[in-house]
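my questions concern the predicted model and sequence given below.
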Amino acid sequence: MVRVRFAPSPTGNLHIGGGRTALFNWLFSQSQKGKFVLRIEDTDKERSKKEFVDEILFSLKWLGFNWDELYYQSERFDRYRAYADKLLKAGLAYIEKSPDGREAVIFKVEPRKIRVDDLIRGQIEFDSALIKDQVLIKSDGTPTYNFACVIDDAEMDITHIIRGDDHISNTPKQMLFYEALGFPIPGFAHLPLIMGMDGGRLSKRTGATAISDYRKMGYLPQALVNYLLLLSWAPGENREIISLGEAVKLFDIKDVNRTAATFDLKKLDWLNNQYLKNADPEALADELLPLLVQKGYIREDGYDRAYLLGLIKLFQPRLSRLNDFAEWADFFFVEEIHIDPAAQEKFLSGDLSREFGLFVSRLEGLSGFSVEGIEKCFRDLVAELGITSKTLIHPLRVALTGKTIGPGLFELIHYLGLERTKRRLLKWAK
RNA sequence: GACCCUGUCGUCUAGCCUGGUCUAGGACAAGAGCUUUUCAAGCUCUCGACACGGGUUCAAAUCCCGUCAGGGUCACCA
């Protein structure tokens, strides 16, 4: 049975690279009907924090990767010590005393060739003569990363190690431990790294790095996962949009790319829009609620749910990030709308008293306040005035929303209602 | 510097294993236009790549060698 693991260190939030590693591990386990193990590598007592553990677990769940088992390295120190003693007895390791009298256990590296069969890259050869003796147990009694990692992977029956490219050079060192301890050697697969737009490592300087940052910005987990997937794997047939479920069926670890990929926010935005426009408005409303409350746009206890859903549907097709809604639809929630100065200069500098006045009085004569009725009012008016639609539509839009862009004008007026429409238009009557 | 990985449009990729169907396909971005209501949605079109140099072959993006470029790792961090 296939068993893979994702082994984050809780010294920070789950970042994009970690999320991607978790994704491929999870995907592989699902496609092989195996198990996905989560192991928190918290051997560094100084830097490991409980809040980061919580954040990582939360982000993994948000992305949709549920684990079958969960372990903490900090609870397994006696295991590492026992194996170090075993190597000591076998004469494969030695003790080194530091000046202050504390002892570390060091593994003796013998010169030889080490071959690694990588599922993605094929065979890689290393020369252990270039590797110096490896610390197993530090003088503070804690195990080193490579040592704890090998023992855990062996004891947890991990069959495949799928991790980032940056671990390739750790592999020969770990291989030495596997052999010294007599553990079966698992399969290895090294994923290419994700780079920032500047070509270097993805860093805070080149953009957000934490998965949670993307959640806060209004990206849907499905979109982010889809994007991460596309970064080093293609479902075939020129497909771009693919669900996790479908990916599980099509995935083969051998098809993963070997080249480092650049993280491109523009494409993520496009993908997010693809998911957003097909999303359930109810779910989007739930997501948006805290933000709208925080902005003072609505009150959590007393808001019109149906009305909010209507507004969301209005903007849904054009949102790149869910949170854009709060900015783009602000004029539905505030009394004093902010009018873009350039737009005002361009569309509202002339005297539109007559046109606005006529339009308002026609709207007042409307029996219902339907989108169709509003549009008919407008079409009839421009026909009678002998002007083109656009000469009036743009000024109306700016006067009502403060912006030159937005949803269709008639739907917009419908949701704004007669009173607010009237008030905002008559403001411009001279 | 040493070792390792990688090199197809600006970006993500298909094609490479099993050479010919590739005057290299798709997507994002960009540019142009359409949508006589905007665009941040939709539709259409355009721009744009096999890193370079040698081989092998009737034929190379595909196989081999070299060069160059980019990245990663060289901790008692993980």
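Perfect, thanks for sending it. Source: prediction; values computed, not measured.

so residue A:400 sits against residue A:426, correct?
No: judged on CB atoms under 8 Å, residue A:400 makes no contact with residue A:426 at a distance of 11.6 Å. Heads up, the C-betas are built off the backbone N, CA and C, glycines and all.

between those two, which one's more packed in?
Per other CB atoms under 10 Å, whichever of residue A:400 and residue A:426 has more neighbours is residue A:400, with 21 against 13.

and the residue lying closest to the more buried one once chain neighbours are set aside, which of the three is it?
Once flanking residues are discounted, residue A:400 sits nearest to residue A:424: 5.2 Å by CB to CB, 6 or more residues apart in numbering. Secondary structure for residue A:424, judged by DSSP: H, G, I helix; E, B strand; the rest coil, is helix.

wait, residue A:424 sits on residue A:397?
No: using CB under 8 Å as the test, residue A:424 is too far from residue A:397 to be in contact (10.9 Å).

run through the residues of the stretch 1-150 of chain A sitting next to RNA strand B.
A:9, A:11, A:41, A:43-44, A:47, A:96, A:98, A:104, A:121-122, A:124-127, A:130, A:135, A:138-140, A:142, A:144-146 (CB under 7 Å from any atom of the strand).

repeat that for 6 Å
A:9, A:41, A:43-44, A:47, A:96, A:98, A:104, A:121, A:124, A:126, A:130, A:135, A:138-139, A:142, A:144-145 (CB under 6 Å from any atom of the strand).

taking those residues one by one, which sit in strands?
A:96, A:104, A:124, A:126, A:135 (DSSP state E).

nearest to residue A:202, of those?
residue A:124 (24.1 Å; CB to CB).

pull the contacting residues for the closest one.
A:115, A:116, A:118, A:168, A:171 (CB atoms under 8 Å, 6 or more residues apart in numbering).

so which two of those residues are the farthest from each other?
A:115 and A:168 (13.1 Å).

which stretches in chain A count as strands?
Going by DSSP E, chain A shows strands at A:3-6, A:35-40, A:69-72, A:93-97, A:103-107, A:113-118, A:122-127, A:134-137, A:160-164, A:187-191, A:194-195, A:261-262.

winner for burial among the ones you listed?
Among these, ranked by average contacts under mean count of other CB atoms under 10 Å, first place goes to strand A:3-6 (a mean of 24).

and the contacts of that strand?
So strand A:3-6 is contacted by A:18, A:21-22, A:25-26, A:28-29, A:34-39, A:60, A:65, A:67, A:153, A:156-162 (CB under 8 Å, 6+ apart).

ok and the residue in chain A nearest RNA strand B?
residue A:389 (2.3 Å; CB to the nearest atom of the strand).

quick one: contacts for that residue?
Residue A:389 touches A:378, A:379, A:382, counting by CB under 8 Å, 6+ apart.

by neighbour count, which of these wins?
residue A:378 (20 neighbours).

list the contacts of it.
Contacts of residue A:378 (CB under 8 Å, 6+ apart): A:359, A:389, A:392, A:393, A:409, A:410.

so which of these is surrounded by the most neighbours?
residue A:359 (23 neighbours).
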